[in-house]
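Trainee: sequence and computational prediction follow.
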Amino acid sequence: MQDEPKHKNGAVNAIENLGGWFIQLFKSLGNFLNLFGQMMVATFRPPFRIKQLLISMEFVGWGSLFIIILTGFFTGAILAYQCNYAFGLFGAQTLTGSTVALALCRELSPVLGAIMVAGRASSGMATVLGTMRVTEQIDAMKTMAVDPVQYLIVPRVWATVLMMPVLCAVFDFVGIVASYFVGIFIGGVDFGSFDAMIDKLLNPFDVFGGLIKAAVFGLIVAFIGCYKGYYASGGAKGVGEATTDAVVFASVTILILDYFLTMIIW
């Protein structure tokens, strides 16, 4: 009989913890949707922050260019090497170029590019906005009648949406060039066959579909980073946690959303 209250207390605590988790989940979801709605409304309301948009485009685009080129080159190179080996088992090395091009344009370029941008740009956005939140700079902006959503979030989000397809195109180009070098000079594939199979099997919609996915991923990457930073709390520790959460949640969301976008587009 004496063990019964302990058993009941343990069950009650478990239910309370589960309930608290669901409450926090729905609260976070509500804040997420509320902030997204505010951002969409602020996008079409003057004044339009063109200067902030250009600064954010430089931060996301130019700042991420090197890591995109580096990732794209070695992704294309290693993919060509492995495909050349696999197709060589049954004498179809000429399919190496088209396979690499399709994989890059449809999947690897938008997905890996967005994850790279999430690691660099989304984390940076979360850090900047989180620091402004914990130092009460965002509250000061509200006091001066400046909409922080319009000034801080809108330019960053739409700059990322605009720059992600550009970075994706760079990723495509560099990756295919790398596959040329590996497939032809290392794998020994005939140049004419390599090029002809790309022209035959890769169509423009494969490229445009990847660019559409990149733009959607840009929206997700930037908004999650801004959301995590905007609602950061707890001083320096809270800013660090917001930065980590931004990268993790953005990366996981990209991988999940990629599946559904692929089914819709193709």
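Mentor: Right, received. Where do you want to start?

Trainee: report the distance from whichever strand or helix holds residue 52 to the chain centre.
Mentor: Following DSSP states H and E, one finds residue 52 within helix 50-57. The chain centre lies 19 Å from the centre of helix 50-57; the measure is CA atoms, centre = their mean, to the nearest Å.

Trainee: can you list contacts of that helix?
Mentor: Counting by CB atoms under 8 Å, 6 or more residues apart in numbering, helix 50-57 makes contact with 151, 155-156, 158-160, 162-163, all of which sit outside it. No exception for glycine: its C-beta is placed from N, CA and C like everyone else's.

Trainee: go on, stretch 69-84?
Mentor: With CB under 8 Å, 6+ apart, stretch 69-84 has contacts from 93, 95-97, 99-100, 103-104, 108-109, 112-113, 116, 170-179, 181-183, 186-187, 189.

Trainee: what is the burial count for residue 149?
Mentor: For residue 149, the count of nearby residues is 20 (other CB atoms under 10 Å).

Trainee: now it: how far from residue 122?
Mentor: As judged by CB to CB, to the nearest Å, residue 149 and residue 122 stand 17 Å apart.

Trainee: and if you look at residue 164?
Mentor: 11 Å.

Trainee: please enumerate the shared neighbours of the two.
Mentor: Here residue 164 and residue 122 have residue 221 as joint contacts, going by CB under 8 Å, 6+ apart.

Trainee: just checking, next helix/strand downstream of the helix holding residue 52?
Mentor: helix 63-88.

Trainee: would you mind getting the angle between that following helix and helix 50-57?
Mentor: Inter-element angle recorded for helix 63-88 and helix 50-57: 40 degrees (by axes from the mean of the first three to the mean of the last three CA atoms, to 10 degrees).

Trainee: out of the contacts of helix 50-57, who's nearest residue 205?
Mentor: Using CB to CB, residue 162 is the member of these that lies nearest residue 205, at 21.2 Å.

Trainee: number of nearby residues for the closest one?
Mentor: 16.

Trainee: roughly how far apart are it and residue 112?
Mentor: Distance of residue 162 to residue 112, computed by CB to CB: 19 Å.

Trainee: quick check on the contacts of helix 50-57: which are buried?
Mentor: Among the contacts of helix 50-57, those buried by neighbour count (16 or more other CB atoms under 10 Å) are 155-156, 158-160, 162-163.

Trainee: just the ones of those in helices?
Mentor: Judged by DSSP state H, those include 155-156, 158-160, 162-163 as members of helices.

Trainee: closest one to residue 24 out of these, please.
Mentor: Minimum distance to residue 24 across those is 25.8 Å, recorded for residue 156 (CB to CB).

Trainee: wait, doesn't that closest one sit right on residue 226?
Mentor: Yes: between residue 156 and residue 226 there is a contact at 5.8 Å, judged by CB atoms under 8 Å.

Trainee: show me where pLDDT drops low in the protein?
Mentor: 1-8, 10 (pLDDT under 70).

Trainee: what about 50?
Mentor: By pLDDT under 50, the low-scoring segments of the chain are 1.

Trainee: longest helix in it, please.
Mentor: helix 3-43.

Trainee: show me what that one is packed against.
Mentor: In terms of contacts (3 or more CB pairs under 8 Å, 6 or more residues apart in numbering; DSSP states H and E), helix 3-43 is packed against helix 154-180, helix 204-230.
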